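Asker: Coordinates only, no sequence provided:
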């Protein structure tokens with residue numbers, strides 16, 4: 001997966017991850033770090049296979065790796081992180097060799113990954129579901145203090 005390696009090694013991707021890490025160094029809630037991004041990618045790919053959705057592995061991994069790269073902007077100036085991440089991802093995707101159609105598909109999934117699309121079979125919904133399933137809300141020591149809506153939390157160990 002050359003394109004995924006290109007994302008992982010892209011200087012801006014690395015920089016954005018470092019900014020997330022700096023802003024979250026004292027955070028007690030879920031982090032938006034490389035472990036989370038990889039978890040979302042792997043879970044997304046598993047869901048894709050289980051549900052026979054037919055998405056290419058590189059599309060899933062690209063969307064997952066880039067879906068939270070703008071979290072630092074939310075801390076810095078209040079920009080919703082899904083919008084910031086969608087904006088920041090385009091140059092990285094283009095540099096990695098994704099086609100314009102692939103870039104738009106991935107950007108759309110990132111831009112909407114905070115919305116629940118129950119009946120949708122798109123990459124958008126797949127990313128949303130993988131993101132939620134990646135969180136260990138059911139075992140979190142901070143769950144009483146978490147500001148997520150109960151409907152957004154992952155209450156069970158699944159997969």
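Answerer: Nice, I can see it. As the structure is a prediction and not an experimental result, all values here were calculated from the model.
Asker: Would you agree residue 106 is in contact with residue 92?
Answerer: No - the pair residue 106 / residue 92 is not scored as a contact, 9.9 Å apart, by C-beta atoms under 8 Å. The way it works is simple: take the backbone N, C-alpha and C, and place the C-beta from them, glycine included.
Asker: hey, what's in contact with both of these two?
Answerer: residue 66 (C-beta atoms under 8 Å, 6 or more residues apart in numbering).
Asker: quick one, helices of the protein?
Answerer: Secondary structure of the chain by DSSP state H: the helices cover 2-9, 11-23, 34-50, 57-66, 71-77, 81-96, 100-111, 123-133.
Asker: Export these as JSON lines, with columns for mean neighbour count.
Answerer: Output for the helices of the chain, formatted as JSON lines (neighbours: other C-beta atoms under 10 Å):
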{"stretch": "helix 2-9", "mean neighbour count": "15"}
{"stretch": "helix 11-23", "mean neighbour count": "16"}
{"stretch": "helix 34-50", "mean neighbour count": "18"}
{"stretch": "helix 57-66", "mean neighbour count": "24"}
{"stretch": "helix 71-77", "mean neighbour count": "18"}
{"stretch": "helix 81-96", "mean neighbour count": "20"}
{"stretch": "helix 100-111", "mean neighbour count": "19"}
{"stretch": "helix 123-133", "mean neighbour count": "23"}
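Asker: my guess is residue 48 meets residue 60, correct?
Answerer: Yes - here residue 48 reaches residue 60: they are 5.9 Å apart, a contact under C-beta under 8 Å.
Asker: Need the residues touching each of the two.
Answerer: Residues within reach of residue 48 and of residue 60 at once, by C-beta under 8 Å, 6+ apart, are residue 126.
Asker: measure the residue nearest to the spatial centre of the chain to residue 103 for me?
Answerer: Geometric centre of the chain, nearest residue: residue 67, 3.3 Å, by C-alpha atoms, centre = their mean. Noted for residue 67: a distance of 14 Å to residue 103, by C-beta to C-beta, to the nearest Å.
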